[in-house]
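> next comes the sequence, and after it the predicted model I'd like to discuss.
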Amino acid sequence: MLGPRPTVAGPAETDDAPLTAPGATRAMEAVLERVLEARLRQARDTDAVFTQEMAERVAAFVRRGGKRLRTAFVWCGWRAAGGSGDADAVLRTGAALELLQACALVHDDVMDGSPLRRGGPALHVDFAHGHRAGRTNGSAEAFGRSAAVLAGDLALAWADDLLTETALASPYGPRLNDEWRAMRTEMVAGQYRDLRAQESGSSGAEEALTIAVLKSARYTVARPLALGACLAGADAPTLDALRAAGRCAGLAFQLRDDLLGAFGDPALTGKPADDDLRSRKLTPLLAVAVRLAEAGGDRDAAAVLAPDADALPGHSVERMRAALERTGARAEVESRIADLAAAGLRRFEETGAAPAVRREFAALVERATGVAPRHAQELV
């Protein structure tokens, strides 16, 4: 059940030839692989069944990867704050973030009932398939959900263990741990607000923005930048600039994810393109569309986007997509992404980071958001 081993070089860096952001990401993969092997050895010492059916599934899911953006942002924060030389703590922090991301995705898929993730079955679906194949008694779906919750918990435990080990070995350990602790709390708060908004049928723009910032913007960019900066002993103004840059870039990333969730190609995103619409998940995209529909007197769009839209005759995902286009919500969100990406770059420049680091941050923002930040050409 183990996934393929990455064949990347180990972490190596000198003051004369510092890692680039892509190089740091590749080096993190090697660190992550060593961590997974160590955790699997510990699992085998605990219980063979648990190892084969649970721990190896978690390791395989982590190895299936993703964009690995958080590691690159950790690196950018470290370099922006003057970090150089031995990058081991940076790479280990990036690996811990990948394990935490695995936990977040597994639990999110359970709560949303999503069938696909990273181009394959979501973990709760995979567990359910195994239950059926084993001709076991009881509900395969219930078993899959319960097992996936435990799998997410295991990934979280591995993440916390790795971050704790890294913090204990660093002179900046307490600051690193404070950032990590705040980030985990924000993640849970954002996920709860997301669940609460779905149950209440909210379509408020302010609530949608709060969820996006808590659940994604800080976790994906702002906190990784700050985690890296902490490992370089950053001062308060540098941390403030990085957090502001991360909030802007991270929100732009979430807005792009919202658009992909409504209009994306599952073959490219690795997840369904209509889950958010079918569940009427509160996103800034949906909130903008509701506002524009009401302001423009578009009763059909307002009805199809309303909290009780599922009860309307003829309701469909296609009608929701059409409403997002017709109201101008898609175009407004695209414009907002460009504005936020540019603002993120401006705030990052306030750190005084070297031009090479600013160029790499701009490239990462473009990769995360799908737009080149305005004025980025000045850094070339």
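Received, thanks.

> what's the first-to-last distance across stretch 103-120?
End-to-end distance for stretch 103-120: 16 Å, by CA to CA, to the nearest Å.

> for that stretch, what is the average pLDDT?
Averaging pLDDT along stretch 103-120 yields 88.

> which residues touch A205?
284, 287-288, 291 (CB atoms under 8 Å, 6 or more residues apart in numbering). Every C-beta, even on glycine, is put in place using the N, C-alpha and C of the backbone.

> out of these, which are inside helices?
Among the contacts of A205, DSSP state H puts 284, 287-288, 291 in helices.

> you'd agree R68 is up against Q101?
No - counting by CB atoms under 8 Å, R68 does not reach Q101; the two are 9.1 Å apart.

> any regions of the protein where pLDDT drops low?
1-18, 201, 203, 267-275, 308-315, 375-380 (pLDDT under 70).

> quick one, strands of it?
116-117, 120-121 (DSSP state E).

> looking at those strands, which is nearest to R243?
strand 116-117 (28.9 Å; CB to CB).

> so how far is that closest one off the chain centroid?
14 Å (CA atoms, centre = their mean, to the nearest Å).

> same question for stretch 195-207.
With CA atoms, centre = their mean, you get 21 Å for stretch 195-207.

> how long is that stretch from one end to the other?
Start-to-end, stretch 195-207 (CA to CA) is 12 Å.

> re the thing from before, among the strands of the chain, which is the most enclosed?
Of those, the one with the most neighbours on average (mean count of other CB atoms under 10 Å) is strand 116-117, at a mean of 20.

> look up how far P237 lies from A205.
31 Å (CB to CB, to the nearest Å).

> I meant to write E186 there.
Taking CB to CB, one finds E186 at 22 Å from P237.

> the two: which has the busier surroundings?
E186 (19 against 11; other CB atoms under 10 Å).

> how close does that one get to A356?
The value you get for E186 to A356, if CB to CB is used, is 30 Å.

> among the ones in helices among the contacts of A205, which one has the most neighbours?
A287 (25 neighbours).

> wait, doesn't it sit right on T210?
No - using CB under 8 Å, A287 makes no contact with T210, being 10.8 Å away.

> list the contacts of the residue sitting nearest the centre point of the chain.
With distances taken as CA atoms, centre = their mean, the residue of the chain nearest its centroid is T220 (5.1 Å). By CB under 8 Å, 6+ apart, the contact list for T220 reads 69-70, 73, 250, 253-254, 368.
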